[in-house]
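Asker: Please work out how this folds:
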Amino acid sequence: MAQQNKFDYRIKQDGEKWHAEITRRVTARRTSVSKRKKGFASEELAQAWAKEQLAEFVENLQAATKRKAEKRAVRNELAAKALAEKEAAAALYEEKRLAAFEAEQDDLDEE
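Answerer: Numbering: from 1, shown residues only. The predicted structure is shown next:
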């Protein structure tokens, strides 16, 4: 099975003009255009623009992924801390409840 890039570029000719598109591989059979520019005078200009934009596009995606991962790590830490605090509070409540129950039982036994 051939491995293809998730993002690539495509150059098309329409009459005397050239169009460049940044494409994303959605599935094995379907692609989606993420960015396009039309009206280049030559294929070389369209290809140069596409290569430059593809590099910038992928770099921006990687930066966004990194930001999201950092936010997710912070969110997971806060959730774990909140869960630990909740469990500690529940254990303390249960301990106090059992102590009160035992104290009540001792008072009943003394009577």
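
Asker: pretty sure Ala20 is in a strand, no?
Answerer: Yes - counting by DSSP: H, G, I helix; E, B strand; the rest coil, Ala20 is located in a strand.

Asker: could you list every residue that touches it?
Answerer: Contacts here follow Cβ atoms under 8 Å, 6 or more residues apart in numbering; on that basis Ala20 touches Tyr9, Arg10, Ile11, Arg36, Lys37, Phe40, Ala46, Gln47, Trp49, Ala50, Gln53. Glycine gets a C-beta too; all of them are placed from N, C-alpha and C.

Asker: Kindly report the same for Asp8.
Answerer: Contacts of Asp8 by Cβ under 8 Å, 6+ apart are Ile22, Thr23, Arg25, Leu54.

Asker: Of the contacts of Ala20, select the buried ones using a ChimeraX command.
Answerer: Those of the contacts of Ala20 that count as buried under 16 or more other Cβ atoms under 10 Å are selected in ChimeraX with:
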select :9,40,46,49,50,53
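
Asker: Can you tell me which of the contacts of Asp8 lies closest to Leu92?
Answerer: Nearest to Leu92 among these, counting by Cβ to Cβ, is Arg25 at 53.6 Å.

Asker: So the closest one versus Val33, what's the distance?
Answerer: Here Arg25 is placed at a distance of 12 Å from Val33 (Cβ to Cβ, to the nearest Å).

Asker: So which of the two has more stuff around it?
Answerer: Arg25 (14 against 10; other Cβ atoms under 10 Å).

Asker: Which residue is the nearest non-sequential neighbour of the more buried one?
Answerer: Using Cβ to Cβ, 6 or more residues apart in numbering and skipping residues adjacent in sequence, the residue nearest Arg25 is Lys6, 5.0 Å away.

Asker: Angles on the backbone of Ser42, please.
Answerer: With angles defined as degrees, to the nearest 10, Ser42 sits at phi -140, psi 160.
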